[in-house]
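K.L.:
predicted model follows, preceded by the sequence.
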2 protein chains.
Amino acid sequence: MKHAYDVYAQACPTRVVLDRLADKWIVLILGLLGEQPMRFNQLRREIQGVSQKVLSQALKKLERDGLVHRQAFATVPVTVEYSITPLGRSLASTVSELARWAEANIESVIAAQQSYDAAELRRGES
Amino acid sequence: MKHAYDVYAQACPTRVVLDRLADKWIVLILGLLGEQPMRFNQLRREIQGVSQKVLSQALKKLERDGLVHRQAFATVPVTVEYSITPLGRSLASTVSELARWAEANIESVIAAQQSYDAAELRRGES
DNA sequence: AATAGTGGGTTTCTAAAAGAAACCAGGTAT
DNA sequence: ATACCTGGTTTCTTTTAGAAACCCACTATT
């Protein structure tokens, strides 16, 4: 049984969605928001190394795609809370698994890299 | 219980791995190679829209990370077969789910985008 | 003998994106 | 007055992605 949408086809809109999901920051953001709603600077502190610009852009895209909900409160200073939507939640477990795989298998990957680099060095002796 | 490696920490090597995995082309490549070994141009034809350069770079990185195995046969013209490794296989189902989620939920995402864009238009009337 | 085609790439060049750092607004506390 | 808070945007530089052309070794065609 074939899909109506095929992510392997060039002009398919699923490509755009996949390109959105397959992003380091999106994986990390959805992983956090899957646990609890969070505010902008809270996310920024949790996700170490993300710049304000990139975080802001990522959240905007996630909001536009209906994966994250943005709510501003007229406190002083202003409070903005980001939370995951039902659609986002249906995705969160999958993307979290990516992060967990990275944490669980980092040692195997590093070992593979070292063995690859060592072999390359032997081959490419100038 | 805390992980030894925390993907939310800036200097953590898992970040590098996650950044590698969270890539549109890597998801698509691993999805295909999880089904069967494939040759370079076969991958290129299946994954519509990928350039030779990007495919070549992605495969090199996957090989270095120990996720994909590259085997060249001295036929004429040369034959190169890419296959998934056990480590890569342990990841393939997770990344395939990303692609499947995109195919399954594209309509909800497009609907959310349209409603977002319509609301934005109403707000931002100049 | 020259030309075209094959698989599997690399090189070159340009347009787009990521990232670091500075800036801003509106308000509070010192 | 000055410094600080949240939640961003702007500017500028460095990477990266992507399109297109090229390359090599070989074969088959004219």
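P.N.:
That came in fine, so what should we check first? Just so you know, these numbers come straight off a predicted model, no measurement behind them.
K.L.:
ok and the residue in chain A nearest DNA strand C?
P.N.:
Chain A approaches DNA strand C most closely through A:Pro77 (3.6 Å), counting by CB to the nearest atom of the strand. From N, CA and C alone the C-beta is placed, and that goes for glycine too.
K.L.:
quick check, that residue in a helix?
P.N.:
No: the assignment for A:Pro77 by DSSP: H, G, I helix; E, B strand; the rest coil gives coil, which leaves it out of any helix.
K.L.:
number of nearby residues for it?
P.N.:
By the criterion of other CB atoms under 10 Å in any protein chain shown, A:Pro77 has 5 neighbours.
K.L.:
so for it, what's the pLDDT?
P.N.:
Note for A:Pro77: predicted pLDDT of 91.
K.L.:
try A:Gly124
P.N.:
A:Gly124 carries a pLDDT value of 63.
K.L.:
ditto for A:Met1
P.N.:
Per-residue confidence for A:Met1 comes out at a pLDDT of 53.
K.L.:
between the two ends of stretch A:46-59, how far is it?
P.N.:
Start-to-end span of stretch A:46-59 (CA to CA, to the nearest Å) is 15 Å.
K.L.:
repeat that for stretch A:62-71.
P.N.:
Here the two ends of stretch A:62-71 are set 13 Å apart, with distance taken as CA to CA.
K.L.:
so which bits of that stretch are buried?
P.N.:
Of the residues in stretch A:62-71, those buried under the neighbour-count criterion (16 or more other CB atoms under 10 Å in any protein chain shown) are A:Leu62, A:Glu63, A:Arg64, A:Asp65, A:Gly66, A:Leu67, A:Val68, A:His69.
K.L.:
how many residues are close by the residue nearest to the fourth one when sequence neighbours are not counted?
P.N.:
Right, A:Asp65. Beyond its immediate neighbours in the sequence, the residue positioned closest to A:Asp65 (CB to CB, 6 or more residues apart in numbering or on different chains) is B:Val109, lying 5.0 Å away. The local packing count at B:Val109 equals 23, with neighbours defined by other CB under 10 Å.
K.L.:
out of the buried residues of stretch A:62-71, which are inside helices?
P.N.:
Filtering the buried residues of stretch A:62-71 for membership in helices, criterion DSSP state H, returns A:Leu62, A:Glu63, A:Arg64.
K.L.:
from the contact counts, what lies against the helix or strand hosting A:Arg45?
P.N.:
Take DSSP states H and E as the rule and A:Arg45 turns out to sit in helix A:40-46. Using 3 or more CB pairs under 8 Å, 6 or more residues apart in numbering or on different chains; DSSP states H and E as the contact criterion, the elements in contact with helix A:40-46 are helix A:24-33, helix A:52-64, strand A:79-84.
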